[in-house]
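Student: below are the sequence and a predicted model for it; my questions follow.
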Amino acid sequence: MPRKGYLVMSSAHPPSQTISSHAPEFTSEPTLFIATLSPEGICYEANPAWEELFGRMAAPWQRLSQEDQLRFRELLAQAAQGQRILHEVLMLQLPGRDEPVPALFNLIPVRLPTHGEEPVALVVTVELLVEPSSLTYSQNQRHRLETLGRMALGIAHDFNNLLMTFLGHLDLLRRSLSPETISEEVTHHLMALEQAARDGAALMRKLQEYVRQEKPTALEAIDLPALLEECLMLTRPYWYNEPRRQGIDIRVETQLEPVPPVRGIASELRQVFTNLILNAVQAMPQGGTLRIATDFDKERGVIVRVSDTGIGMPESVRRRIFEPLFTTKPEGSGMGLAIVAGIVREHEGSIEVESALGEGTTFTLYFPPAEAPEHAPATVQEEAPVPPVRVLLVDDEPGVRNVLTRLLALHGHTVVQAASAAEALAHLEREAFDIVFTDQGMPEVSGVELARQIRARYPQLPIVLITGDTEVRAERGLIDAMLQKPFRLEALAQVIRRLCGRRAS
């Protein structure tokens, strides 16, 4: 039977001995193209739909691309030897269509008791995976974009789970290492891994916001000299470790003067400066000097300069480096500097470049300063640790459950794991807990629905929703707190302190 969700070609025309020259009609009634072929590919019998598309005595490879014709002959030979060929996708050129369409081929060997194991014929079915022609182009595009959006949200959810597991184990690794024995280089690597994971999480949030057309991540005041120090730390393996292994000396000189903060998204600006630093390193294959400086001008705002003493570029290249898809690197995508320029514009800034062959390159970026805050932030006071509590942890991902269990155990908390809502409710009936952490994106019963059931039975039990999504709708009072994946141990400790500080015994 054809798979649900697809429409296939059918025909009401009488059988034809030749390939039809007019465009076949599409209906909403799924129909298979079915024929019985000899093991050599000669057509014995076919249904009307097959005859309409391929012709009475024709084999289907006449409408396949050259590459897929060879593939079909291979499949035919395998089926002639008794092998069942299922769900093979090939591209068919249909009359009335400019582009080929995917088709699902099945080849089933037919055996008779009197002929042993050798097939006497092959039953071939073809299903066209196409949209009905009555759909307009805009409807078709909208459907594809909606499908792509759902896929993107699913990927973002799964990726956040991976990041949660990664950051959790990174936290555990850092705590297992003795500060006295860990080298500065290892510390740099750990910090770089953590920052890369957090930037990945920020990228996933931006993707989710874009798909859902949500408001972008809130801007924050950013200290650019501090951010540039982070970028140098993140890229240290590229401008220090690896060049020295190759006998190349790249010196870094910084003049990071205090400047007013700028409003922006730290992960995006970090992407800008990391990209510029890596480009500078690549422009100095024989070594050289990378200089990074900050300055402030009342007219042009906060200034950042990233310069190198590398090979430079001719004027013809300099004029085009911010164009999408323009690249001088054989392996380049041509999108790096285009993205850089786009991010700078989104931050209401501008970027200029000066370069000449053999004289290096300087990128100069200008950003408007952020307005001074009305009130200075309150001083955060260190809070006393919370006594150990009993935690019910609900998540369908074993990796996330295990790493969160180990992180909570570092503070002495007792954790009981549940892989589903049903398992969680069963635990609650048998045991007492001080707090529940539940994932939102679980099959069958979501975290919000589980919270609703827990709240109805245990109205005073604190419930924390863990989610890798940016959009979670829950009625007021249903959950007590929400944690956005990925998060660190400090976030767990803080929410337990707030919700269980007076309950723990």
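Tutor: Sure thing, it's come through.
Student: could you find the closest non-adjacent residue to residue 75?
Tutor: Spatial nearest neighbour of residue 75, excluding adjacent residues (C-beta to C-beta, 6 or more residues apart in numbering): residue 85 at 4.9 Å. From N, CA and C alone the C-beta is placed, and that goes for glycine too.
Student: what is the neighbour count of the one you found?
Tutor: By other C-beta atoms under 10 Å, the residues close to residue 85 number 18.
Student: what of the one 3 residues further on?
Tutor: Here the number of neighbours of residue 88 (other C-beta under 10 Å) works out to 15.
Student: whatever helix or strand it lives in: what's the following helix or strand?
Tutor: If you go by DSSP states H and E, residue 88 is part of strand 85-92. Counting by DSSP H and E, the next helix or strand C-terminal to strand 85-92 is strand 101-110.
Student: can you give me the strands in the stretch 251-400 of the chain?
Tutor: 262-264, 288-297, 301-308, 350-355, 361-367, 390-394 (DSSP state E, counting those that start in this stretch).
Student: looking at those strands, which is nearest to residue 222?
Tutor: Nearest of the strands of the stretch 251-400 of the chain to residue 222, taken as C-beta to C-beta: strand 262-264 at 5.3 Å.
Student: what is the closest one packed up against?
Tutor: strand 220-222 (3 or more C-beta pairs under 8 Å, 6 or more residues apart in numbering; DSSP states H and E).
Student: and the strand it packs on, how far out from the chain middle?
Tutor: 26 Å (C-alpha atoms, centre = their mean, to the nearest Å).
Student: just the CA trace of the helix or strand just after it, in CSV.
Tutor: For strand 220-222, the following helix or strand on the C-terminal side (DSSP H and E) is helix 224-234. Taking C-alpha atoms only, helix 224-234 is exported to CSV below (Å, rounded to 0.1, in the frame of the first residue of the first chain):
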residue,chain,number,x,y,z
LEU,A,224,34.2,44.6,24.5
PRO,A,225,37.8,44.4,26.0
ALA,A,226,36.7,41.5,28.2
LEU,A,227,34.9,39.8,25.3
LEU,A,228,38.0,40.2,23.1
GLU,A,229,40.2,38.5,25.8
GLU,A,230,37.7,35.6,25.7
CYS,A,231,38.0,35.4,22.0
LEU,A,232,41.8,35.3,22.2
MET,A,233,41.5,32.5,24.8
LEU,A,234,39.1,30.5,22.6
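Student: tell me how far helix 224-234 lies from the chain's centre.
Tutor: On C-alpha atoms, centre = their mean, the centre of helix 224-234 falls 25 Å from the chain's centre.
Student: for that helix, list every residue counted as buried.
Tutor: 224-225, 227-228, 230-232, 234 (16 or more other C-beta atoms under 10 Å).
Student: tell me the angle of that helix relative to strand 361-367?
Tutor: Computed with axes from the mean of the first three to the mean of the last three C-alpha atoms, to 10 degrees, the direction of helix 224-234 lies at 140 degrees from that of strand 361-367.
Student: helices and strands around helix 224-234, which ones?
Tutor: helix 184-212, strand 250-256, helix 266-282, strand 288-297, strand 301-308.
Student: follow-up on the earlier one: now the strand holding residue 88: buried residues?
Tutor: Neighbour counts over strand 85-92 (16+ other C-beta under 10 Å) mark 85, 90, 92 as buried.
Student: burial measure for the residue lying closest to the last one once chain neighbours are set aside, as a count.
Tutor: Same thing as residue 92. Leaving aside its sequence neighbours, residue 92 sits nearest to residue 103 (C-beta to C-beta, 6+ apart; 4.5 Å). When neighbours are defined as other C-beta under 10 Å, residue 103 has 24 of them.
Student: which residues sit in contact with residue 103?
Tutor: If you count contacts by C-beta atoms under 8 Å, 6 or more residues apart in numbering, residue 103 has them with 89-92, 126-129.
Student: 6 Å - rerun?
Tutor: Residue 103 is in contact with 90, 92, 126, 128, counting by C-beta atoms under 6 Å, 6 or more residues apart in numbering.
Student: now, which of these sits nearest residue 312?
Tutor: residue 90 (50.8 Å).
Student: host element of the residue nearest to that closest one when sequence neighbours are not counted?
Tutor: Nearest in space to residue 90, with sequence neighbours left out and distances taken as C-beta to C-beta, 6+ apart, is residue 68 at 4.3 Å. Element membership for residue 68 (DSSP H and E) is helix 66-80.
Student: low-confidence bits of the stretch 351-500 of the chain, can you list those?
Tutor: Confidence mapping of the stretch 351-500 of the chain against pLDDT under 70 gives the ranges 372-386, 468-475, 488-489.
Student: let's see that with 50 instead.
Tutor: Within the stretch 351-500 of the chain, the stretches with pLDDT under 50 are 373-381.
Student: all helices of it, in order?
Tutor: With DSSP state H, counting those that start in this stretch as the criterion, the stretch 351-500 of the chain has helices at 398-409, 421-430, 447-457, 489-500.
Student: so which bits of stretch 486-502 are buried?
Tutor: 486-487, 489, 492-496, 499-500.
Student: how close does the closest residue to residue 82 other than its chain neighbours sit to residue 241?
Tutor: In space, and not counting its chain neighbours, residue 82 is closest to residue 109: 5.2 Å by C-beta to C-beta, 6+ apart. According to C-beta to C-beta, to the nearest Å, residue 109 stands 59 Å off from residue 241.
Student: ok, those two, which is more surrounded?
Tutor: residue 109 (20 against 12).
Student: my read is that the more buried one contacts residue 120, right?
Tutor: No - using C-beta atoms under 6 Å, residue 109 is not in contact with residue 120; the gap is 8.7 Å.
Student: so what's residue 92 up against?
Tutor: Contact analysis of residue 92 by C-beta under 6 Å, 6+ apart lists 63, 100-101, 103.
Student: and residue 187, what does it touch?
Tutor: No contacts exist for residue 187 under C-beta under 6 Å, 6+ apart.
Student: please disregard the earlier target; I meant residue 440.
Tutor: 446-447, 465, 467, 472.
Student: okay, the residues you listed in a markdown table with distance to residue 171 and neighbour count next?
Tutor: Formatted as a markdown table, the contacts of residue 440 follow (distance: C-beta to C-beta, whole Å; neighbours: other C-beta atoms under 10 Å):
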| residue | distance to residue 171 | neighbour count |
| --- | --- | --- |
| 446 | 27 | 19 |
| 447 | 23 | 27 |
| 465 | 21 | 23 |
| 467 | 19 | 20 |
| 472 | 24 | 15 |
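Student: so, low pLDDT: which residues of the stretch 51-200 of the chain?
Tutor: Flagging of the stretch 51-200 of the chain using pLDDT under 50 yields the residue ranges 132-139, 142.
Student: my read: residue 45 touches residue 38, true?
Tutor: No - in this structure, residue 45 is not within contact of residue 38 by C-beta under 6 Å, at 10.7 Å.
Student: all helices for the stretch 1-150 of the chain, in order.
Tutor: Under DSSP H, counting those that start in this stretch, the stretch 1-150 of the chain gives helices at 48-54, 66-80, 137-176.
Student: this completes my enquiry, with thanks.
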